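Build me a structure from this.
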Amino acid sequence: MNEEWAALGLPLLIAEEKGMGFLATLLKGIAFVPAVVHGIEALFGGKSGSDKKAAALSFVSAALNIGEAVTNRDIVDEGKFNDGLSKVIDGVVQCLNASAWATGK
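Presented below is the predicted three-dimensional model:
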């Protein structure tokens with residue numbers, strides 16, 4: 001299977017068993033994002049969107065223990081990782097705002 005991924009030119013996230021622990025943590029962290037966004041909205045509803053996004057990014061980063069992941073070399077480019085996490089949060093907000101959840105405000 002690793003050869004198939006390499007042939008597609010995709011990043012080989014599952015090449016090393018070491019990375020599987022972090023992959024599981026990352027997926028759990030991403031699954032946690034909607035709850036974080038909802039909680040941030042409840043706590044900081046009157047704040048600006050950028051303030052709420054920064055708070056959500058901080059909560060999710062802490063949940064994923066990004067500092068340790070960088071130290072362990074599970075994350076090799078912290079800037080790109082944070083950019084990706086920021087886009088996940090933006091996507092969740094966009095989905096929630098387009099759903100019935102937004103009408104309950």
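
Which positions within the strand or helix carrying A35 qualify as buried?
A35 belongs to helix 17-44 when elements are defined using DSSP states H and E. The neighbour-count check on helix 17-44 (16 or more other CB atoms under 10 Å) flags F22, L26, G29, I30, V33, V36, V37, I40, E41 as buried. In this view, the C-beta of every residue, glycine as well, is placed from N, C-alpha and C.

What separation is there between the closest residue to the first one other than its chain neighbours and V37?
Translated: F22. Nearest non-adjacent residue to F22, counting by CB to CB, 6 or more residues apart in numbering: D74, 3.9 Å away. Going from D74 to V37 by CB to CB, to the nearest Å gives 24 Å.

what about the helices in this structure?
Counting by DSSP state H, the chain has helices at residues 2-8, 17-44, 49-64, 66-71, 78-97, 100-103.

Next, name the residue at the spatial heart of this protein.
Centroid-nearest residue in the chain, with CA atoms, centre = their mean: L85, separated by 3.8 Å.
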